[in-house]
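Peer 1: fold the following for me, if possible:
(one chain, ligands or ions: 1)
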Amino acid sequence: MAEIVIVPGEAEAGDLVAGAIVDLIHRKPDAVLGLATGSTPLPIYRALAQRIRDESVDVRGVRGFALDEYVGLPAGHPESYRAVIRREVVDPLGLTPELVRVPNGDPAGIEHAGADYEAAITAAGGVDLQILGIGRTGHIGFNEPGSSLASLTRVKTLTEETRLDNARFFDSPDEVPMHCITQGIGTILRARHLVLLAFGEAKAGAIAAAVEGAVSAAQPGSAIQLHPHVTVLVDEAAASKL
Ligand code: GLP
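Peer 2: Sure thing, here's the model as predicted:
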């Protein structure tokens, strides 16, 4: 059973998770963080940047692995997750850029990219703390409904709903790529601690299915029930269907 924490708002969730990450870094200066993109984790990154500055936390050895990436965006596109992770995480937190990896979404060599990423995570000793958001479809990373619960990092097709949800980051919905490369559900489940966050009513159905629904590939978030150490942080609205 996951630990469910209902928080007043996003800022409180960000503070709680930032505190857990700072404690982890004190215990393990080369901690391996699993990094999520999207709007949900931004309060964590903001709070963490503040704590790192205020408390002069040494983060030079901290390593990171992003969950996912679009396939086929031009190099340097500002909405590629490589660029987003650099802008929202690596630079504000002062992490060492070479120690933070994002799956390689370049179509040239894409057939090796999943296995390479898995090997890099394994070589790093696995992820200590994985930050997760959840999509309205119930996706974690970009594992849309139907993804095998044992899946590893691979190329997937985005659902129309997810492309529309993410169109807000692009000039037009047509610009949202059709494909992505994402850690699999099996990859995510190997992290030692999963921290899933969700805010707002639009996420209430996905949260209820993840926390109390049947464990099924039809609801990728439900895979968290297979993991022994999960913390779910939600506001009242996202918790409203629990
Ligand atoms: C995105 C990401 C996911 C994220 C989810 C929710 O497309 N690939 O990792 O958790 O969808 O996004 P948001 O936090 O913006 O609602």
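Peer 1: got the contact list for the worst-scoring helix or strand of the chain on mean pLDDT?
Peer 2: The helix or strand of the chain with the poorest confidence is helix 160-166; it has a mean of 94 (mean pLDDT, DSSP states H and E). Residues from elsewhere that reach helix 160-166, judged by Cβ atoms under 8 Å, 6 or more residues apart in numbering: 135, 136, 137, 139, 142, 144, 158, 173, 176, 178. In short, each C-beta sits where N, CA and C put it, glycine included.
Peer 1: for that helix, list every residue counted as buried.
Peer 2: Buried residues in helix 160-166, counted by 16 or more other Cβ atoms under 10 Å: 162, 163, 165, 166.
Peer 1: again, but for stretch 123-136
Peer 2: 124, 127, 128, 129, 130, 131, 132, 133, 134, 135, 136.
Peer 1: restrict the residues you listed to those near the ligand?
Peer 2: Filtering the buried residues of stretch 123-136 for proximity to the ligand by Cβ under 6 Å from any ligand atom leaves 133, 134, 135.
Peer 1: quick one: which of these has the lowest pLDDT value?
Peer 2: Lowest pLDDT within those is found at residue 135 (94).
Peer 1: give me the nearest residue to that one, chain neighbours excluded.
Peer 2: Once flanking residues are discounted, residue 135 sits nearest to residue 162: 5.7 Å by Cβ to Cβ, 6 or more residues apart in numbering.
Peer 1: how much space between that neighbour and the ligand?
Peer 2: 6 Å (Cβ to the nearest ligand atom, to the nearest Å).
Peer 1: over to residue 179?
Peer 2: 13 Å.
Peer 1: hang on, that residue packs against residue 154?
Peer 2: No: with contacts counted by Cβ atoms under 8 Å, residue 179 stays clear of residue 154, the gap being 10.6 Å.
Peer 1: so which of the two has more stuff around it?
Peer 2: Set residue 179 next to residue 154 and count neighbours by other Cβ atoms under 10 Å: residue 154 wins out with 21 against 16.
Peer 1: so the residue nearest to that one when sequence neighbours are not counted: helix, strand or coil?
Peer 2: Distances taken as Cβ to Cβ, 6+ apart place residue 114 nearest to residue 154, at 4.5 Å, with adjacent residues excluded. Each residue gets one of three states, and residue 114 gets helix by DSSP: H, G, I helix; E, B strand; the rest coil.
Peer 1: does residue 207 lie in a helix or a strand, and which?
Peer 2: Element membership for residue 207, per DSSP states H and E: helix 204-212.
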